[in-house]
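K.L.:
predicted model, plus sequence, below.
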Amino acid sequence: MKALAIINTELLPEESIRNKETIDILGTSVTTGVVDITRPNFDVKNPQNDDFVLVRVDAFSCNYRDKALIVKAAINMKNNGISAKPVSFFGSDFVGTIMEVGSGVTDLKIGMRVIPNCYYPYIEYEGVATGVVTNEASRGWLKLHKSKLLPIPDDMNDYVAASFSIGAQTSSSMIRRCNIKNTDKILVTSSRSNTSMFIIKSLLADGHDVTALTTTDWSGKELDFVAPAKIIKIERGLDSWEELNLGKFDVVFDPFYDLHLLNCIPHLNFNGRYITCGFKNQHSSFEEKTDDMRSNKFNLLMLQAMINNLYIIGNCIGTTEDLRVAISKFNPDIAPIHIDKIVDVYHGAEFLDTTYNVQSRFGKVVMTYKD
């Protein structure tokens, strides 16, 4: 199989790499290339494989969490040279086809299309880690425990499927934990982020009143994709949202607490719920001058939280049931996420560049491994 990887140019000979390209991600030089990966041996008679399956990755995509992993891998290769790995794979969302199954696997069959089940925080099988299934979807071949995969319906195409698991599982969990009522007013920040888009689309499907903030201009087609949500543009790094006259909300969904928490709290009603699932500056190179880090306002924030009986909720991914619910609600006519671009394995630099450097990107960029 041809697979996309981060290349250590000091270790990997030129003849073993195809389509070597270098791009910049926030000041870090990242070299990508196509390498050959042989199909792993999977002995179905070996008891150690009883509860495992062999998956061939058909397509994958990258999330914000992958950005820090890619940058760290590239920096490690630059700083440590021959002491670092020759290649590094990446990607945490994928769709694949089951090619082999162990004797203890009953719910998954050869030929099934599956997506990762990143259940967290509850342990479902002793010795099997919770959380993200893999950081190396671009490797192309994955041996995974049966609990870490769920089948998908035939009407979910590979491109949506390769963009689905983490966003759907996280958004389903966040919405469940906020106990939303029909009368609640809801605010979603960073509305062009993939997690926020999943949240918006799911809330709209259930008939909720949604206002979404953005720092980017949206086209008419993009606005139609999230209609009837109200989209409000704000300036990047705005110190206060008071001048926006947003009013008060019962629930705030925020994917980047280090950017928005301090501005969100004053806009919550009594007994309001603020929920977050991540932060922007996951690596020192990600920080920008427009980022608002007013740590001196922490005491004021907590005072407002106490006086108004607010709930500040942290969320990490979700349960198996959260993902099952998201899959069951899937409607191919109302896509939960927009697919911005589809590229093949020989366009690795374009894949990463569009994913992380193009501000106008709307939705997910998908790398397909199918011919």
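P.N.:
Looks like it came in fine.

K.L.:
quick one, helices of this protein?
P.N.:
If you assign secondary structure with DSSP state H, the helices in the chain sit at 64-80, 158-161, 165-177, 194-205, 220-225, 257-264, 298-307, 320-328, 348-356.

K.L.:
just the ones you listed: most buried one?
P.N.:
Mean neighbour count (mean count of other Cβ atoms under 10 Å) peaks for helix 165-177 among those, with a mean of 25. Every C-beta, even on glycine, is put in place using the N, C-alpha and C of the backbone.

K.L.:
I'd like the mean pLDDT over it, please.
P.N.:
In this model, helix 165-177 carries a mean pLDDT of 97.

K.L.:
repeat that for stretch 273-289.
P.N.:
Stretch 273-289 shows an average pLDDT of 66 in the prediction.

K.L.:
what does stretch 63-76 give?
P.N.:
Averaged over stretch 63-76, pLDDT sits at 91.

K.L.:
kindly export it (C-alpha atoms) in PDB.
P.N.:
These are the backbone C-alpha positions of stretch 63-76, laid out as PDB (Å, rounded to 0.1, in the frame of the first residue of the first chain):
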ATOM      1  CA  ASN A  63      -8.200  17.000  13.500                       C
ATOM      2  CA  TYR A  64      -6.800  20.000  15.400                       C
ATOM      3  CA  ARG A  65      -5.100  17.500  17.900                       C
ATOM      4  CA  ASP A  66      -3.100  16.000  15.000                       C
ATOM      5  CA  LYS A  67      -1.600  19.400  14.300                       C
ATOM      6  CA  ALA A  68       0.500  19.400  17.400                       C
ATOM      7  CA  LEU A  69       1.600  15.800  16.900                       C
ATOM      8  CA  ILE A  70       2.700  16.500  13.300                       C
ATOM      9  CA  VAL A  71       4.700  19.600  14.400                       C
ATOM     10  CA  LYS A  72       6.300  17.700  17.300                       C
ATOM     11  CA  ALA A  73       7.300  14.900  15.000                       C
ATOM     12  CA  ALA A  74       8.900  17.300  12.500                       C
ATOM     13  CA  ILE A  75      10.800  19.200  15.200                       C
ATOM     14  CA  ASN A  76      12.000  15.900  16.700                       C
END
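
K.L.:
what lies in contact with that stretch?
P.N.:
Outside stretch 63-76, the residues that touch it by Cβ atoms under 8 Å, 6 or more residues apart in numbering are 6, 25-26, 28-31, 62, 84-85, 88, 90-93, 132, 135, 166-167, 193-194, 255, 278, 282-283, 285-286, 352, 356.

K.L.:
report the distance from that stretch to the chain centre.
P.N.:
Computed by Cα atoms, centre = their mean, to the nearest Å, the chain-centroid distance of stretch 63-76 equals 13 Å.

K.L.:
so who does the residue lying closest to R361 once chain neighbours are set aside touch?
P.N.:
Using Cβ to Cβ, 6 or more residues apart in numbering and skipping residues adjacent in sequence, the residue nearest R361 is D340, 5.1 Å away. D340 makes contact with 354, 361-365, according to Cβ under 8 Å, 6+ apart.

K.L.:
restricted to buried residues, select the contacts of stretch 63-76 in ChimeraX.
P.N.:
Here is the ChimeraX command that picks out the buried ones among the contacts of stretch 63-76, judged by 16 or more other Cβ atoms under 10 Å:
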select :6,25,28,30,31,62,84,88,90,91,92,93,132,135,166,167,193,194,255,278,282,283,285,286,352,356
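
K.L.:
count the residues that sit near the nearest residue to V128 once chain neighbours are set aside.
P.N.:
Ranked by Cβ to Cβ, 6+ apart and with sequence neighbours excluded, the top spatial neighbour of V128 is H145, at 4.9 Å. Number of residues near H145 (other Cβ atoms under 10 Å) recorded here: 18.

K.L.:
these two touch, right, H145 and D51?
P.N.:
Yes - between H145 and D51 a contact is recorded at 5.9 Å, counting by Cβ atoms under 8 Å.

K.L.:
between those two, what contacts are shared?
P.N.:
Residues within reach of H145 and of D51 at once, by Cβ under 8 Å, 6+ apart, are Y125.

K.L.:
how close does Y125 get to G104?
P.N.:
From Y125 across to G104, the span is 11 Å (Cβ to Cβ, to the nearest Å).

K.L.:
what is in contact with these two at once?
P.N.:
When contacts are counted by Cβ under 8 Å, 6+ apart, Y125 and G104 have D51 as shared neighbours.

K.L.:
that older thread, redo the contacts of D340 as TSV? Include distance to I307.
P.N.:
Shown next, in TSV, are the contacts of D340 (distance: Cβ to Cβ, whole Å):
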residue	distance to I307
T354	45
R361	40
F362	39
G363	39
K364	40
V365	44
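
K.L.:
just the closest of the residues you listed to M99, please.
P.N.:
Comparing the contacts of D340 against M99 with Cβ to Cβ places K364 closest, at 24.9 Å.

K.L.:
need the contact list for the closest one.
P.N.:
Counted by Cβ under 8 Å, 6+ apart, K364 has contacts 61, 159, 162-163, 194, 337-340.

K.L.:
identify, from those, the entry nearest to G348.
P.N.:
Of all the contacts of K364, the one with the least separation from G348 (Cβ to Cβ) is S61, at 13.1 Å.

K.L.:
so V325 touches S172, yeah?
P.N.:
Yes - using Cβ under 8 Å, V325 is in contact with S172, at 5.4 Å.

K.L.:
would TSV of the helices of the chain with distance to D36 be doable?
P.N.:
Shown next, in TSV, are the helices of the chain (distance: least, Cβ to Cβ, whole Å):
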stretch	distance to D36
helix 64-80	20
helix 158-161	22
helix 165-177	27
helix 194-205	31
helix 220-225	39
helix 257-264	41
helix 298-307	52
helix 320-328	33
helix 348-356	15
